[in-house]
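Peer 1: got a predicted structure plus its sequence, pasted below:
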Amino acid sequence: MRKVLKEGERLDELNIKNMAIIQHKDKFRFGIDAVLLANFVTAKRGDRIVDLGCGNGIIPILIAAKTKDTFIYGVEIQEEMVDMAIRSVAINSLENRIKIIHGDVREVEKLLGYEKFDVVTSNPPYMPLYTGFEKKEEAENIARYEVYGGLEDFVKAAFKLLKFGGKFFMVHRPDRLVDVMYFLRKYNLEPKKLRFVHPYVDSKPNLLLLEAKKGAQPSLTVLPPLYVYERTGEYTEEVKSIYSKESLEEE
């Protein structure tokens, strides 16, 4: 394990099929939003999937663990995160299911071509530049702020990659909902399912999960809210089940 991990890194268990992931104590680490997005995805056997801005590879690894016969590309612009993700894929013996690519989502068609994928996922940076307190650590700034592409760039990339009828799954912030819907419609990705995520039953939502379909007719279903914590501070039963859920596949 010493040969796999570099200075400052640790190996965290994912509590599903003995999977694990490499994280760095000083780099941006995945949160519950990535776990909820991976669970929100639906995929069929044989689907070709792309995760835009894959970071350390958490979403491709979770999707690979919970689906069969899918192949997932992860696209990430930060070289250090790409290296970490590649090693995490190797640790989990998923080299035949996942390929991590160093690249810019704004030029993703040069890497992967047009309209070749069934599913695209993304947990993009939530905040526009210069709209809040920026961290000193560059990797965290890139993960949180739209340094290398804004919301429109991620939506446009999904449009380029998806086949007609393909699905785009995204997690974002409720205060960007109008922007999300605007850009989805602009690029012919029709919003189909929307779910708000609340920390507690009596709190405002702080995340949204959204599914859009390329070329679909208008018809949006707003799903019941997802509550993360009980008043005791423990995860709700639904969130506990999400962390242990074994399958994301459609029947």
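Peer 2: In hand now; what should we look at? Residues are numbered from 1 along each chain as shown.
Peer 1: residue 86 should be in a helix, yeah?
Peer 2: Yes: under DSSP: H, G, I helix; E, B strand; the rest coil, residue 86 sits within a helix.
Peer 1: wait, what's in contact with it?
Peer 2: Each residue near residue 86 by C-beta atoms under 8 Å, 6 or more residues apart in numbering is listed here: 57, 100. C-beta coordinates here come from the backbone N, C-alpha and C atoms, glycine included.
Peer 1: and the contacts of stretch 37-46?
Peer 2: Contacts for stretch 37-46 (C-beta under 8 Å, 6+ apart): 49, 58-59, 62-63, 66-70, 118-119, 121, 123, 167, 169-171, 195, 209, 211, 242, 245, 248-250.
Peer 1: show residues contacting stretch 236-247.
Peer 2: By C-beta under 8 Å, 6+ apart, the list of residues contacting stretch 236-247 from outside reads 15-17, 32, 35-36, 39, 66-67, 226-230, 235.
Peer 1: ok, 7 Å please
Peer 2: Stretch 236-247 has contacts (C-beta atoms under 7 Å, 6 or more residues apart in numbering) with 15, 35, 36, 39, 66, 226, 227, 228, 229, 230.
Peer 1: just those residues: which are in helices?
Peer 2: 35, 36, 39, 66 (DSSP state H).
Peer 1: and the least confident of the residues you listed?
Peer 2: Across the ones in helices among the contacts of stretch 236-247, the bottom pLDDT score, 91, is held by residue 66.
Peer 1: gap between that one and residue 79?
Peer 2: As judged by C-beta to C-beta, to the nearest Å, residue 66 and residue 79 stand 28 Å apart.
Peer 1: same thing with residue 70?
Peer 2: Taking C-beta to C-beta as the measure, residue 70 falls 26 Å from residue 79.
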